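Undergrad: Sequence plus the predicted model coming up.
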Amino acid sequence: MGLNNGLEALYHFTGNANDSSGNGNNGTIVGATLTTDMNAVSNQAYLYDGNDYMYLPNDTFGTLSEGTISMFVKFNSLASDISIFSYGQASHAFDFQIKSGGQMRIWLYDAGYKYDLTTTNSLSTGVWYHIVFKVDSTGNSIWVDGIQWTGTYASGSSSTSGFLSSVLSTNDLCRFGRAYSGSRYFSGVLDEVRVYSRAITEDEVLQLAAGYDTDADSVETLTYENELYYSCDDADLTGSNPDDLSGNGNDGTNNGCTTGVTGKLNQAFNYNGSSNNVITPVGQTSDFTWIAWINPNTDSSFRNVMSLIKTGNTDYRVVIQKNTTNKITFGWDDNTESGVATGSTLSNNTWYLVILTKSGESWNMYLNNSLDASTTTSSFDMTQLTDVVNFGRYATGIVHWSGETDEMGIWNRALTAAERTELWNSGAGKNPYASTPTGSKQGTLFLGSNL
């Protein structure tokens, strides 16, 4: 269909609250101030301090019997119930609400609740989320970062329909950042807000979750410029060695890993914890991103996910590993600066997406698309690390991984939040290189027909 089909309003917030859809549904800001967006670009989002909101003329969107609300949100406070979008009046209303515990509550009320959904999972402060609510004649659903969330219905069910046209009154208030009644003010940042007159498809939810900031009618590719990508699928092996799907020819060498085991996405590699690893031909001398889906199966031992050392000297290193208390960590040492940043505790037989980025002297590790550990160095010298990157062991044959890895990649820069989200979405069954159209696939994540 294209992401412009049925688009009623689009707010990029590029210095103002004007509607970029061409429909003239411009917003009016009350109190909120321009701030940096999720990609750290200045004056591209609005900060709400708990007493601010954006409003549209009364009855805007009031004819929509089905539709979608999509937005990127970061919460600064969840101390009390808040509304990020509301429409209506006291006795007839739609409210997109976040409860004080972080659960989302979405309800439609007209002389009684038509549906009233509270999610099981909860949101947190300080994290960017892509949130979508959509409804049509088949029912309603809510999505976070491309994944559908479930919950409990106090009224109605997931098959209950009804949207803003079901609010049977006139002069209905349309507000972002507070309830129609002037309460439940939002504290945080809003960006890339969209309103549709249709329920967008799952593939379109994934495209928007990947952070597309475009007025184009369709989105075809997201450029990644990666150094290598190993799917670990049987179809992408030469013998037992992983083929590099980035197009750069950086094929890996499999030292004993079992292939064909069940992965996060299709097949994966299994490591025995004592002698298996995958060697890449790639080193790193500057900024980078390392990624892998990992599934640990052994407790209380150091287990290495990825490593890079100085040839002949394991004291110079960058590593991602699980420690003896089963926490995911990353460590660094260039013989001048060294340290370890510790993240969350991992459970056995559970898949996790681990992403480590270095941008200048800023290092960040993300677990399942949420920031899990970070540090800042002063003058770390990557050129000291002259060996190649290993998956599944620490350098010269120690601290082997025990469990599985899948969908492993290396980039020569720090990926953006949108790109990390797309990799996280790949674990929902969206392989970045599956069913690639004819032609070069170097550095490109194909979307649209490939989903």
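TA: Sure thing, it's come through.

Undergrad: Quick check: can you list the domain ranges of this structure?
TA: 7-217, 223-450 (automatic domain parsing).

Undergrad: from the chain's centre, how far out does the shortest one sit?
TA: Spelled out, that is domain 7-217. Between the mean C-alpha point of domain 7-217 and the mean C-alpha point of its chain there is a distance of 18 Å (CA atoms, centre = their mean, to the nearest Å).

Undergrad: That domain - what's its average pLDDT?
TA: Per-residue pLDDT values over domain 7-217 give a mean of 88.

Undergrad: Same list (the domains of the chain) but as TSV, adding mean neighbour count.
TA: For glycine as for every other residue, the C-beta is placed from the backbone atoms N, C-alpha and C. Formatted as TSV, the entries for those read as follows, by neighbours: other CB atoms under 10 Å:
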stretch	mean neighbour count
domain 7-217	19
domain 223-450	19
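
Undergrad: Skipping adjacent residues, who's closest to residue 371 in space?
TA: Ranked by CB to CB, 6 or more residues apart in numbering and with sequence neighbours excluded, the top spatial neighbour of residue 371 is residue 364, at 6.0 Å.

Undergrad: Settle this for me: that neighbour is touching residue 376, isn't it.
TA: No - under the criterion of CB atoms under 8 Å, residue 364 is not in contact with residue 376, lying 9.8 Å apart.

Undergrad: Let me see the ranges of the helices in the chain.
TA: Assigned by DSSP state H, the chain shows helices spanning 202-209, 417-426.

Undergrad: got a markdown table for those, with distance to residue 387 too?
TA: Written out in a markdown table, the entries for the helices of the chain read as follows (distance: least, CB to CB, whole Å):
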| stretch | distance to residue 387 |
| --- | --- |
| helix 202-209 | 36 |
| helix 417-426 | 25 |
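
Undergrad: what about the ones you listed, which gets the closest to residue 256?
TA: When the helices of the chain are ranked by distance to residue 256, counting by CB to CB, first place goes to helix 417-426 at 26.2 Å.

Undergrad: Could you tell me the average pLDDT over that closest one, please?
TA: The average of the pLDDT scores along helix 417-426 is 77.

Undergrad: do the same with stretch 376-390
TA: Across stretch 376-390, the average pLDDT comes to 87.

Undergrad: Need the distance between the two termini of that stretch.
TA: As for stretch 376-390, its first-to-last residue distance stands at 24 Å under the measure CA to CA, to the nearest Å.

Undergrad: how far out from the middle of the chain is that stretch?
TA: 27 Å.

Undergrad: Can you show me the strands along the stretch 351-451 of the chain?
TA: Under the criterion DSSP state E, counting those that start in this stretch, strands of the stretch 351-451 of the chain are mapped to 352-359, 362-367, 370-376, 390-391, 402-411, 444-446.

Undergrad: Is residue 275 in contact with residue 255, as I believe?
TA: Yes - Residue 275 is in contact with residue 255 according to CB under 8 Å; the separation is 7.4 Å.

Undergrad: who does residue 292 bridge with?
TA: Beta-bridge partners recorded for residue 292 (DSSP bridges): residue 354.

Undergrad: Tell me where the stretch 201-350 of the chain has strands.
TA: According to DSSP E, counting those that start in this stretch, the strands that the stretch 201-350 of the chain contains are 221-223, 226-230, 237-238, 241-242, 253-255, 258-262, 267-272, 277-279, 288-296, 303-310, 313-322, 327-333, 338-345.

Undergrad: So, low pLDDT: which residues of the stretch 301-450 of the chain?
TA: 314, 395-397, 426-450 (pLDDT under 70).

Undergrad: if you set the cut-off to 90 instead, what comes out?
TA: 301-302, 308-319, 331-339, 361, 368-371, 377-388, 393-399, 412-450 (pLDDT under 90).

Undergrad: Overlap of the contact sets of residue 275 and residue 255?
TA: By the contact definition CB atoms under 8 Å, 6 or more residues apart in numbering, residue 275 and residue 255 are jointly contacted by no residue.

Undergrad: contacting residues around residue 34?
TA: Neighbouring residues of residue 34 by CB under 8 Å, 6+ apart: 13, 15, 42, 43, 44, 45, 46, 47.

Undergrad: which ones are touching the residue nearest to residue 288 when sequence neighbours are not counted?
TA: Using CB to CB, 6+ apart and skipping residues adjacent in sequence, the residue nearest residue 288 is residue 358, 5.4 Å away. Contacts of residue 358 were listed using CB under 8 Å, 6+ apart, and they are 287, 288, 289, 382, 414.
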